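J.: Dropping a prediction and its sequence here:
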Amino acid sequence: MAFQDLLNQVGSLGRFQILQMTFILIFNIIIYPHSLLENFTAAIPNHRCWVPILDNDTVSGNDNRNLSQDDLLRVSIPLDSDLRPEKCRRFVQPQWHLLHLNGTFSSVTEPDTEPCVDGWVYDQSTFLSTIITEWDLVCESQSLDSIAKFLFLTGMLVGNILYGSLADRWLSESARWLIMTNKLQKGLKELIKVAHINGMKNSTDVLTIEVVRTIMKEELEASQTKSSLWDLFRTPNLRKRICLLSLVRFVVWLSVVGLLINFQHLRINVFLLQCLLGIITIPANLVGIFLVNHLGRRISQLFIISLFGISILAIIFVPQEMQILRMVLATFGGVFSFVSASSALVHANELLPTIIRATALGVIGIAGGTGAALSPLFMILRTYSDSLPWIIYGVLSFLGGLIVLLLPETKNQPLPDSIQDVENEGRASRQGKQNDTLIKVTRF
């Protein structure tokens, strides 16, 4: 916790910190749009079965010359429950009598139908080509779309695990980490560099090895024992934090990614939606920062994640015809998903001790990556009910918000540097509760 004293001497929020945040923002702007590409590369256009009298140029006859495309479609493709052409079946033989029945069946027997044995015809008015049209991932094969997304996200998860050491190579250069790993000279050098960037030219007169060693004495003593992965679960308070943070990350990332990569299933204009998200996301995140700083980490997360869940569940009850309302709800859902993810990251970083923070974030990140990878598989449940995946995403987000309440509040609290700091916070919290109970009991 004493590192904050050193940070104040080099400028706690100066040019150096602003440059860091700027570079991180630029990298995020480059990377995050890739998570939304599935709404375009895997978009599902309107489609119907290929039928000879409509789609085969070599088929011609006197009977077809005076018929419109709509008439030929009517006699070739049955209607679904919404009186729209079926997407996955066609008549075995053209039903010419349907042209004289005003859209109703008068015969007792239903005409024979069959699957799309000759392939599909896709509407290319919006998307000329997607992986759906290239590989015919519709009807009986529609679940393969979700499996493809699952494999893609699983690859990202495995890549993050395998190449996480490359990221640690950059993280390890922070002055806090260098000092906590007993590399005082390098840590001091980094602090002086930060001070110079922040315009504090006389920092070398104030910052010395002796000053660093004195201020960080307790933390350095606690860090002499080398930390490992198992230390995350060795002590009760840290173990509780890791488990709860992993669970929050799992359910929130599952819901967030489930919404973001499946916008096309909401049957709205995904191009307009992406524009609206780009316009609103930045001011919404600024509002999220305000809430986190004024309401605290726990209450603000509960509020934001609950709004995210409400947005998802509300879409289920809005008819397809009310496109504007569906667009508004989808936009708010996307915005709240970004704010939920960022607020969860802030809270997790503030709950984990510096000495083992990179390892802890890796474990929690694996939990989040697992949830993200599993999220597309829930779309397979659309074969039973179109609303079922969205209900799961919405309910799980509410669950994540409630789990956050089990974690400590970190607003205006110093960052823990060692595992012992985390355990001491737990003891102090329990003692405070015991004292409150004692006062309530002995007051009268």
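T.: Right, received. Where do you want to start?
J.: Strands along the stretch 251-400 of the chain, start to end?
T.: In the stretch 251-400 of the chain, no strands are defined using DSSP state E, counting those that start in this stretch.
J.: Low-confidence stretches in this structure?
T.: Low-confidence segments of the chain, defined by pLDDT under 70, span residues 1-2, 57-65, 101-109, 164-168, 170-173, 218-219, 221-227, 426-444.
J.: where do the helices sit along the stretch 151-300 of the chain?
T.: Under the criterion DSSP state H, counting those that start in this stretch, the stretch 151-300 of the chain contains helices at 164-171, 175-180, 184-197, 203-206, 209-215, 217-222, 236-260, 270-295, 297-316.
J.: Tabulate these (JSON lines), appending distance to residue 381 and mean neighbour count.
T.: Any C-beta I mention is one placed from the backbone N, CA and C, and that applies to glycine too. Shown next, in JSON lines, are the helices of the stretch 151-300 of the chain (distance: least, C-beta to C-beta, whole Å; neighbours: other C-beta atoms under 10 Å):
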{"stretch": "helix 164-171", "distance to residue 381": "32", "mean neighbour count": "12"}
{"stretch": "helix 175-180", "distance to residue 381": "44", "mean neighbour count": "22"}
{"stretch": "helix 184-197", "distance to residue 381": "51", "mean neighbour count": "18"}
{"stretch": "helix 203-206", "distance to residue 381": "59", "mean neighbour count": "13"}
{"stretch": "helix 209-215", "distance to residue 381": "56", "mean neighbour count": "14"}
{"stretch": "helix 217-222", "distance to residue 381": "49", "mean neighbour count": "16"}
{"stretch": "helix 236-260", "distance to residue 381": "11", "mean neighbour count": "23"}
{"stretch": "helix 270-295", "distance to residue 381": "21", "mean neighbour count": "15"}
{"stretch": "helix 297-316", "distance to residue 381": "13", "mean neighbour count": "22"}
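J.: nearest to residue 352, of those?
T.: Closest to residue 352 of the helices of the stretch 151-300 of the chain, according to C-beta to C-beta: helix 236-260, at 7.1 Å.
J.: right, and the helices of the stretch 151-300 of the chain - which one's nearest residue 18?
T.: Comparing the helices of the stretch 151-300 of the chain by C-beta to C-beta, helix 184-197 comes nearest, at 9.8 Å.
J.: could I get that closest one in PDB with only the CA atoms?
T.: The C-alpha trace of helix 184-197 is given here as PDB (Å, rounded to 0.1, in the frame of the first residue of the first chain):
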ATOM      1  CA  LEU A 184      15.000  -1.700  -6.500                       C
ATOM      2  CA  GLN A 185      17.500  -0.100  -8.900                       C
ATOM      3  CA  LYS A 186      15.400  -0.800 -12.000                       C
ATOM      4  CA  GLY A 187      12.300   0.200 -10.200                       C
ATOM      5  CA  LEU A 188      13.900   3.500  -9.100                       C
ATOM      6  CA  LYS A 189      15.100   4.200 -12.600                       C
ATOM      7  CA  GLU A 190      11.500   3.700 -13.900                       C
ATOM      8  CA  LEU A 191      10.100   6.100 -11.200                       C
ATOM      9  CA  ILE A 192      12.600   8.800 -12.100                       C
ATOM     10  CA  LYS A 193      11.800   8.400 -15.800                       C
ATOM     11  CA  VAL A 194       8.100   8.900 -15.000                       C
ATOM     12  CA  ALA A 195       8.900  11.900 -12.800                       C
ATOM     13  CA  HIS A 196      10.900  13.500 -15.700                       C
ATOM     14  CA  ILE A 197       8.000  12.900 -18.200                       C
END
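J.: Tell me the gap between it and the middle of its chain.
T.: 36 Å (C-alpha atoms, centre = their mean, to the nearest Å).
J.: And for it, what's in contact with it?
T.: 6, 9-11, 14-16, 19, 173-179, 201, 203-204, 207-209, 212-213 (C-beta atoms under 8 Å, 6 or more residues apart in numbering).
J.: The residue lying closest to residue 380 once chain neighbours are set aside: how many residues sit nearby?
T.: Leaving aside its chain neighbours, residue 380 sits nearest to residue 143 (4.7 Å; criterion: C-beta to C-beta, 6 or more residues apart in numbering). Look at residue 143: counted by other C-beta atoms under 10 Å, it has 16 neighbours.
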